[in-house]
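In: Just the structure for this:
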Amino acid sequence: MKKEKQKDFSTRIVQAGRVELLVIVYEMLQEELREAIENHENRQLDGFEQSMTNAQKILHELMGTLDYSYRISYCLLSIYRFINRVIASGKAGHKVEQLSECIAMIGQLRDAYEKNAKELTEQPMMKNVEKVYAGLTYGRASLSEVTVAESSGTRGLYA
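Out: Residues are numbered from 1 along each chain as shown. Below is the predicted model:
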């Protein structure tokens, strides 16, 4: 994943609630699959394999966090396993034909959770983090971000 995207996701993760965090993870998975397709088209096989590996890691994290006390978790597991098989076979055979279908499936899941996130008013998962303020300053096209620390030396997630 490109550094700019990583920075954007990092900023959003710090300020996200539980459902928003899931939406962000889905977006990260979609981004890795898009980059895999782009790298394959540009014949950058190292980038292709790295993006596919990253996508599998994200997918395995999603699988590992399912709560099986809910029936929907089994449905989600089936979807995740299907996508994992597509990624594994695509990685082995350097094929990208079915990756766009996987991106669409993930997009539908992301949209459903995003709708749910808008209805909820959750507090961010991480406490004591720097607040990020973004705005246009002195330039029409440049966006500058400023972080403001509320407390000195004590920030992050407390266990």
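
In: make it CA atoms for all contacts and neighbour counts henceforth
Out: OK.

In: Low-confidence bits of this structure, can you list those?
Out: Regions of the chain meeting the criterion pLDDT under 70 cover residues 118, 120-159.

In: if we go to 80?
Out: Judged against pLDDT under 80, the low-scoring parts of the chain cover residues 1-18, 116-159.

In: Domain parsing of it, as residue ranges.
Out: The record's domain parsing of the chain by automatic domain parsing lists 3-119, 126-159.

In: Reformat those as TSV; add mean neighbour count.
Out: What follows is the domains of the chain, written out as TSV (neighbours: other Cα atoms under 10 Å):
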stretch	mean neighbour count
domain 3-119	16
domain 126-159	11
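
In: Show the subsequent helix or strand relative to the biggest helix by length in the chain.
Out: Longest helix in the chain by number of residues, with DSSP state H as the criterion: helix 18-41. Toward the C-terminal end, the helix or strand that comes next after helix 18-41 (DSSP states H and E) is helix 45-64.

In: Show me the contact partners of that following helix.
Out: For helix 45-64, the external contacting residues (Cα atoms under 8 Å, 6 or more residues apart in numbering) are 1, 25, 28-29, 32-33, 35-40, 77, 80, 84, 87, 91.

In: run the last query once more with 10 Å
Out: 1, 22, 25-26, 28-42, 73-74, 76-81, 83-85, 87-88, 90-92, 94, 96 (Cα atoms under 10 Å, 6 or more residues apart in numbering).

In: try stretch 82-92
Out: Contacts for stretch 82-92 (Cα under 10 Å, 6+ apart): 33, 36, 45, 48-53, 55-57, 59-60, 76-81, 93-99, 101-103, 105-106.

In: Equivalent analysis for stretch 100-107, please.
Out: Contacts to stretch 100-107, defined as Cα under 10 Å, 6+ apart, come from residues 23, 26-27, 29-34, 37, 79-80, 82-84, 86-87, 99, 108-113.

In: Centre of the chain to that stretch, how far?
Out: 13 Å (Cα atoms, centre = their mean, to the nearest Å).

In: do the same with stretch 61-68
Out: Offset of stretch 61-68 from its chain centre (Cα atoms, centre = their mean): 15 Å.

In: can you check stretch 56-73 too?
Out: Counting by Cα atoms, centre = their mean, stretch 56-73 comes out at 14 Å from the chain centroid.

In: any chance you could read off phi and psi for residue 74?
Out: Recorded main-chain torsions at residue 74 are phi -70, psi -40, according to degrees, to the nearest 10.
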